[in-house]
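*Asks:* have a look; sequence and predicted model below, questions after that.
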There are 2 protein chains.
Amino acid sequence: MSDVRLIDIREEILSDNQELAGKIRRDLGRHGVFMLNLMSSPGAGKTSLILRTLSTLRDRVRIGVIEGDIASSVDAEKVSREGVPAVQLRTGGFCHLDAPMIERALKELDLTDLDCIIIENVGNLVCPAEFDTGSQRRAMILSVPEGDDKPLKYPLMFSVCDALVVNKVDYLGTSDFDLERLRERVCKLNPDIRIFPVSCKTGEGIAEWTGWLAEQVAGARPPA
Amino acid sequence: MSDVRLIDIREEILSDNQELAGKIRRDLGRHGVFMLNLMSSPGAGKTSLILRTLSTLRDRVRIGVIEGDIASSVDAEKVSREGVPAVQLRTGGFCHLDAPMIERALKELDLTDLDCIIIENVGNLVCPAEFDTGSQRRAMILSVPEGDDKPLKYPLMFSVCDALVVNKVDYLGTSDFDLERLRERVCKLNPDIRIFPVSCKTGEGIAEWTGWLAEQVAGARPPA
């Protein structure tokens, strides 16, 4: 006699997550709020890009920020000093944000008072790629010092993103990072991805990035 | 202006888990079913101990098994060949079982047909110690080849368990493992823990272990 029932927990968790993410997206849509899930390795420049984005768009777009962090709340404090609403999700060891965590964070934000929410995910190129947070768009940052081989190592992350910000291009001169080789590798995985070379330090390329983001926000607004 | 809301996800997850674990325990109590959460490092002998326990107790106790495994289902198949109901939870990378997973597995078992459920947790001495599964008792296995210093390295695991099975005592002669030193280290963390030196290979100590387990099962039965 043999009687094994097999339950695939990971698939069930991902499928429950997907369902809740769909619900979050519908709620945001009803409020005409656009949400971006911003992902990268630790230190690639997520907080710097958010600060640059805030200072460029704040007069036109009402932005709120959800900060995911394993232990600290320094990023949320930096963002909050810019005068925008910020929610810090302290994951206590969890390596990604998921839809239930975002649902929890959204309760702390007044959607009627916002046009755009930026999620700063936990610094990690693996698990965050698997969990839909309910955002309408996903973007990732790759910084030049990380190397142009990252699409080969983390193909899922490059495949699920709508935009790739290549940050720290001010290092291009002193590095063997090849932007064209990167483009080829990324486009093989994801031909529709938009690529924005930027330097959060010098401000180079920030206008193109924020232009794209402002278009996405406008697209989420209900017709007048 | 500063406006940071701080949400501690880990604490919320652990507290939600605890609440569901309490509910599971009440449900088991109503059915007079005893559940044991069995934890250890990979390879310490969880499946071997379960097989020894089944062959010793099966005439007296109706046992079902919930097997947690990252990827395979070989352990559930081994157990199921003994003719007992077995549910395989394939975690797909998750390093522990939690109360929602156990609730899911329990739906596949007929509680009216069982006296005892043994959960074989994922092989890991860290995270499983933090997540209450809804079991009435927790036991862990430490095998002699792992060394008698493990209570110093994984104090939480040794603190939360009601019983410690020291497996592979047939290796004691050829190892510097000191059972008395282990006892001292464990009892400092957890003076009430019951310690059972056993060898799943030779059968030494299995009667004492299964005697303790049978007492726990009897304690969970409703008065006639």
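*Replies:* Yep, it's here.

*Asks:* phi, psi of residue A:71?
*Replies:* phi -130, psi -40 (degrees, to the nearest 10).

*Asks:* nope, residue A:170 is what I meant
*Replies:* Dihedral angles (degrees, to the nearest 10) for residue A:170: phi -70, psi -10.

*Asks:* please name the residues that touch it.
*Replies:* A:199, A:201, A:202, A:204 (C-beta atoms under 8 Å, 6 or more residues apart in numbering or on different chains). C-beta here means a position set from N, CA and C on the backbone, and glycine is covered the same way.

*Asks:* one more pass at 10 Å, please.
*Replies:* When contacts are counted by C-beta atoms under 10 Å, 6 or more residues apart in numbering or on different chains, residue A:170 touches A:144, A:198, A:199, A:200, A:201, A:202, A:204.

*Asks:* and the first one, how many neighbours does it have?
*Replies:* It refers to residue A:144. Per other C-beta atoms under 10 Å in any protein chain shown, the neighbour tally for residue A:144 reads 23.

*Asks:* secondary structure element holding the spatially most central residue of chain A?
*Replies:* Residue closest to the average C-alpha location in chain A (C-alpha atoms, centre = their mean): residue A:38, at 1.2 Å. Per DSSP states H and E, residue A:38 falls inside strand A:34-40.

*Asks:* now do the buried residues in stretch A:156-165.
*Replies:* Residues of stretch A:156-165 classed as buried by neighbour count (16 or more other C-beta atoms under 10 Å in any protein chain shown): A:157, A:158, A:160, A:161, A:162, A:163, A:164, A:165.

*Asks:* out of those, which are close to chain B?
*Replies:* Here nothing survives when those are matched to chain B using C-beta under 10 Å from any C-beta of the partner chain.

*Asks:* from the residues you listed, pick the one nearest chain B.
*Replies:* Of all the buried residues of stretch A:156-165, residue A:157 has the smallest distance to chain B: 16.1 Å, by C-beta to the nearest C-beta.

*Asks:* report the contact partners of that closest one.
*Replies:* Residues in contact with residue A:157, defined by C-beta under 10 Å, 6+ apart, are A:39-41, A:124-130, A:138, A:140, A:142, A:150-151, A:164, A:189-190.

*Asks:* may I see the buried residues of stretch A:156-165 arranged in TSV, with secondary structure as well?
*Replies:* Formatted as TSV, the buried residues of stretch A:156-165 follow (DSSP: H, G, I helix; E, B strand; the rest coil):
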residue	secondary structure
A:157	helix
A:158	helix
A:160	helix
A:161	coil
A:162	coil
A:163	strand
A:164	strand
A:165	strand
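
*Asks:* which of those sit farthest apart?
*Replies:* A:160 and A:165 (14.8 Å; C-beta to C-beta).

*Asks:* which among the contacts of residue A:170 end up buried?
*Replies:* Buried among those (16+ other C-beta under 10 Å): A:144, A:198, A:199, A:200.
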